[in-house]
Every structure is written in C-alpha cells, then in structure tokens.
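In: please find the sequence and the predicted model below.
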Amino acid sequence: MRESCRWNAIGWERHALDITSLPKVELHCHYDGIVDPAMLRALCAAGEPFPVPADDLEAALPVRGLDDFMRWFAVADVGSMDLRPFVPVLQAHVDRLRAQNVQYAEIYTSIPRGSPDTAEGMRRFAESVREREAGETQIEFVIQIGRGGAPERLQAKVEEATALHAAGLVVGIAIAGPEQDHPIRPHTRAMRFAHDAGVPIEIHAGEWCGAESVWDALEYGYPSRVGHGVAIFEDEALVRRFRDEQIHIEMCPSSNVATGSVERLSDHPIRRAFDMGLNVGVNTDDPGAFMCSMDSEYRLLVDEFGFTAEELDVLRRNALGARFQPTLRVPIDGVD
Ligand SMILES: [Zn+2]
C-alpha cells in the first residue's frame, strides 16, 4: 500500500512537471530536418512558401524505419544547398525554440551555395535567422559534412568550413551521414587540418554501426562531441573512455526509435548512460521527420525513463558545457 502511495506521489509529481518552462539547450538539429506539414502550411499562409508540398510531406509521415526516413528526406529535400529558402523555416523554428524555453541551440547547416560567395551567404543566412532570437535564445551554426565520397571531397569541404569558422560565421564542424563503409580513418588529414585550426568537431557515430565505428571516430576525427552513440554500450572500454574523458554524447531518442537504430524506446541507453556518469544531452536531430520537439523529448525522458527536473537540468548543463560557442550573448539559467 505504502509503495503504491509513494509511486502515485512520484507519478503525480512527474505529471505535474511543467516541461515547457524548464530551460533547455539543444546541440544536434539539422536545418534540413525541421520542416513539418503544419509549418509549411503556416509559411504558405504567411506568403513565404517553402518549395515542398505540405500534403506530400504529410504522406511521408510517420517515419518508421530507415527506408521511411530516406523517403521523407527525398520529399523534404529542395535539391540544392542554397540556404535562402530555409530562412523562413529556420525563423519559424527559432520561434518554436523560444516557446519551449530553449535558451541556446546549435543548428547543423550545409555550406551555403547560390549566394554571392560562401562567407556572405552564411553571414546573411545567420543574420536572418538570428532576427528571431529576441534576446531569449542564442542560435549558432555548425557546418554539417557527409562522410561519403573521396578524401579530397571531404578535405575541400573541411577547408571551406574552417574558413567560415575563422571568419566567425560558424562555430564548428559536424560529420554526419551513413557510417557503413564510410569510416573516418581515410579522412584523418582533413580532420587534423580542422583540429589544428582550432575548429571544434562533432562526429555522428555509433548510430548505424557498432562500437568499432565510435572508436574510428575517436581515433581519427578529434571529436569533442559524438552524435547518437547508442553503440558505445557494446564495449566496456569505450564506455570507460567516454566517462573518463567526459566526451559529450548528443543523444536523440525519438530519432533512434523512428529510424530503427534502437528497436524500442525502452532499449535506448540514455538512462543507463546518465546513471553511469557519462556526459549526455538530449536532442531532436530532425524534429520534422520524427515529429518531436525538445518538449516532447523531455516528456519522454520523464515518462519512460523517470528523469526528474534536477536530472533534466544536468542534461542541459552537460549540453551547455559542450557547446562550440564559448561566448554567450543571452541570459541563460545558471550562468552568471
Ligand atoms: Zn544528426
């Protein structure tokens, strides 16, 4: 009886938690994974149409498995890396982040094409998006680069991203894309180039491949953060490395369930990672594709994994400590 009362008290406390008001930090969200049908319709009504039909995008939802995600992406892809069509999308996204009390966010973005030049394109894009910060949130941009292709291709992109970083237009580099058959090792030279230039590096690893892919990222990629990392727990030595060095892991539970990286939500290692003292945060990855938000990720952590408000705040502080932009220009809870 007492147990049941206690459980009820905890359950009530969790239910009563005002998720939206909790301060949040997000480090792992892709600019081309944000759109959803409601956003597209709202943009269209506001006279800022995005070149993807809302009905087509709706038909590609929900995403249940990797093939579904590829189909969703094929619909949402505007076919170029011109960032200009994404300005209203990102502006709407920043409005949503503010409404969820996300006080700092890094967004993974392609190198801009189709603009006067790369640096000017990036500057205009960043300024247009930041118009919506309203002193309540801080948005920073990280250049995302796919793993595939020849080392020369990745090297060229890393050099472009490094120049954008040197110009103060972006805060780091994220290496994303399919891990299978695309190890980091052949790109050691490019990764060392970025590292030596002082560019912070994130690598998506352990999402689709096992622990060996995470080792490959650590050994050859100089990451200070790893995206996903669900495979870390296959290897005790790897877990120790992450714990001892406090390498930040950007975990994305809804993404991992939607794409089948983990079979069930209950299989997700975020609670285990947290309890073992690993440095983890929570992220949406592609909120449009996975129909999630920072609020819904927090709700899931509370309901499925029993996270308390204090524990959620540890996730936030972990992410804040792993950010690539040292300078904060908005008030953030717990930072003087
Ligand atoms: Zn990602």
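Out: The structure has been received and is ready for your questions. Computed from a predicted structure; not experimentally measured.
In: report pLDDT for the residue nearest to His228 when sequence neighbours are not counted.
Out: Distance criterion Cβ to Cβ, 6 or more residues apart in numbering; nearest residue to His228, sequence neighbours excluded, is Glu207 at 3.6 Å. Any C-beta I mention is one placed from the backbone N, CA and C, and that applies to glycine too. pLDDT for Glu207: 94.
In: what of Trp7?
Out: At Trp7, pLDDT is 49.
In: again with Arg2
Out: For Arg2, pLDDT reads 39.
In: still on that earlier bit, my guess is the residue nearest to His228 meets Gly227, correct?
Out: Yes - Glu207 lies in contact with Gly227 (Cβ atoms under 8 Å); the separation is 7.1 Å.
In: of the two, who's got more company?
Out: Just comparing Glu207 and Gly227: by other Cβ atoms under 10 Å the higher neighbour count belongs to Gly227, 26 against 23.
In: so which helix or strand takes in the more buried one?
Out: Element membership of Gly227, judged by DSSP states H and E, is strand 225-228.
In: from the contact counts, what lies against that strand?
Out: Under the contact criterion of 3 or more Cβ pairs under 8 Å, 6 or more residues apart in numbering; DSSP states H and E, strand 225-228 touches strand 201-205, helix 211-221, strand 248-251.
In: what about the shortest one, distance to the chain center?
Out: Using Cα atoms, centre = their mean, to the nearest Å, the distance from the centre of strand 248-251 to the centre of the chain it belongs to is 9 Å.
In: can you list contacts of that strand?
Out: If you take Cβ atoms under 8 Å, 6 or more residues apart in numbering as the criterion, strand 248-251 is touched by 27-28, 202, 224-230, 232, 242, 268-270, 273, 278-283, 318-319, 321-322.
In: give me the distance between Gln56 and Val35.
Out: For residue 56 the amino acid is Asp, not Gln. Per Cβ to Cβ, to the nearest Å, Asp56 is found 11 Å from Val35.
In: same question for Glu310.
Out: 34 Å.
In: do the same with Val102
Out: Counting by Cβ to Cβ, the gap from Val102 to Val35 is 18 Å.
In: the more surrounded of Asp56 and Val35?
Out: Neighbours per residue (other Cβ under 10 Å) separate Asp56 from Val35, with Val35 holding more: 26 against 13.
In: tell me the SS of that one?
Out: Under the three-state scheme (DSSP: H, G, I helix; E, B strand; the rest coil), Val35 adopts coil.
In: so which of the contacts of strand 248-251 are in strands?
Out: Counting by DSSP state E, the contacts of strand 248-251 place Glu202, Arg225, Val226, Gly227, His228, Val280, Gly281, Val282 in strands.
In: may I see the ChimeraX selection of the buried members of those?
Out: This is the ChimeraX syntax for the buried subset of those, where burial follows 16 or more other Cβ atoms under 10 Å:
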select :202,225,226,227,228,280,281,282
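In: adding pLDDT, write the ones in strands among the contacts of strand 248-251 out as a markdown table.
Out: Shown next, in a markdown table, are the ones in strands among the contacts of strand 248-251 (pLDDT from 0 to 100):
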| residue | pLDDT |
| --- | --- |
| Glu202 | 98 |
| Arg225 | 98 |
| Val226 | 98 |
| Gly227 | 98 |
| His228 | 98 |
| Val280 | 98 |
| Gly281 | 98 |
| Val282 | 98 |
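In: what's the separation between the residue nearest to Gly334 when sequence neighbours are not counted and Pro200?
Out: Spatially, and ignoring its direct neighbours in sequence, Gly334 is nearest to Arg317 (6.6 Å; Cβ to Cβ, 6+ apart). Per Cβ to Cβ, Arg317 is found 18 Å from Pro200.
In: check Tyr104 too.
Out: 15 Å.
In: and for Asp18?
Out: From Asp18 over to Pro200 (counting by Cβ to Cβ), the distance is 33 Å.
In: which one's more surrounded, these two?
Out: Ranked by neighbour count (other Cβ under 10 Å), Asp18 and Pro200 place Pro200 first, with 23 against 8.
In: can you name the residues that contact that one?
Out: Val171, Gly172, Ile173, Ser224, Arg225, Phe324.
In: next, the nearest residue to it once chain neighbours are set aside: phi, psi?
Out: Spatially, and ignoring its direct neighbours in sequence, Pro200 is nearest to Gly172 (3.8 Å; Cβ to Cβ, 6+ apart). Main-chain dihedrals, Gly172, degrees, to the nearest 10: phi 180, psi -170.
In: the one 4 residues further on too?
Out: Main-chain dihedrals, Ala176, degrees, to the nearest 10: phi -120, psi -170.
In: adjust the sequence numbering to begin at 25 for everything that follows.
Out: Got it, the first residue is 25 from now on, which makes the last one we talked about Ala200.
In: what's the neighbour count on the closest residue to it other than its chain neighbours?
Out: The shortest distance from Ala200 to any non-neighbouring residue, by Cβ to Cβ, 6+ apart, is to His228 (4.6 Å). Neighbours of His228 under the rule other Cβ under 10 Å: 28.
In: nothing else from me, thank you.
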